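# return a 3D structure for these sequence lines:
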Amino acid sequence: MRIVRYSYPSYRSFAPAPAVFSRSPWSGLETEIDRLFASVETPAVTQRFPVDLYEDESNAYVRAELPGINRDDIQVEMTDGNLSISAVRKTPSSEGQVEQSSSASRTLAIPADVAAEKVSAAYENGVLTVTLPKRETAKPAKVTVAVK
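The predicted structure is shown next:
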C-alpha cells in the first residue's frame, strides 16, 4: 500500500519557505505503513531462479540449479517457441506444523532453429539440464572453395 505524496508547488524566491511546507505531513505515517506491509509476504508469489544458456554445434542447452526439489515436482514444457520450467519445493511437515511449499518458475524464448519435438530434459544431483537439438538446416556446414 502506498499513500500518494502530494507535492506543494514550489516557487523560486529569495524568501525562505515557511516551515509548514518543507516536509510532507504524511511522511512519517507513510514510512510506518510501508514498513508494516514490507514484512508481509504473500505465499502465492512465485520466485525466479537463474539459468545458464550455452550451445555447441548441434544442441543448445538450458541448465538450472534446483537443489532440494524432487524430480516429480519439476515441470518442463515447450509451447509456441517458449520453454517453461516450473518447480515446487515442499518442506515436510514436522510434528504440529503444516507442510509448506514454495514455487519457482522461468519462461525463456527459444529461437526458431530448435527442433521442438526432440527436446529432452535430465535432472541429476539438483541440476536440471534441458537439451534443445538444432534443426538440420541450422547446423553449420563446411563449404569447400574450388580453385579456378
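# helices of this protein, residue ranges please.
27-38 (DSSP state H).
# is it true that residue 77 touches residue 83?
Yes - if you go by C-beta atoms under 8 Å, residue 77 and residue 83 touch, sitting 7.5 Å apart. The way it works is simple: take the backbone N, C-alpha and C, and place the C-beta from them, glycine included.
# looking at these two, which is more packed in?
More neighbours surround residue 83 than the other of residue 77 and residue 83, with 22 against 11 (other C-beta atoms under 10 Å).
# who are the contact partners of the more buried one?
Contact analysis of residue 83 by C-beta atoms under 8 Å, 6 or more residues apart in numbering lists 62, 76, 77, 107, 108, 110, 119, 130, 132.
# poorly predicted segments of this structure, please.
In the predicted model of the chain, residues 1-26, 39-46, 96, 138-139 satisfy pLDDT under 70.
# centre-most residue in it?
Central residue of the chain (C-alpha atoms, centre = their mean): residue 48, 3.1 Å from the mean position.
# may I have the beta-bridge partners of the residue lying closest to that residue once chain neighbours are set aside?
The spatially closest residue to residue 48, leaving aside those adjacent along the chain, is residue 106, at 5.7 Å (C-beta to C-beta, 6 or more residues apart in numbering). Residue 106 forms beta bridges with residue 85, as assigned by DSSP bridges.
# please tell me how far residue 106 sits from residue 91.
21 Å (C-beta to C-beta, to the nearest Å).
# higher neighbour count, those two?
Between residue 106 and residue 91, counted using other C-beta under 10 Å, residue 106 has the larger neighbour count: 17 against 12.
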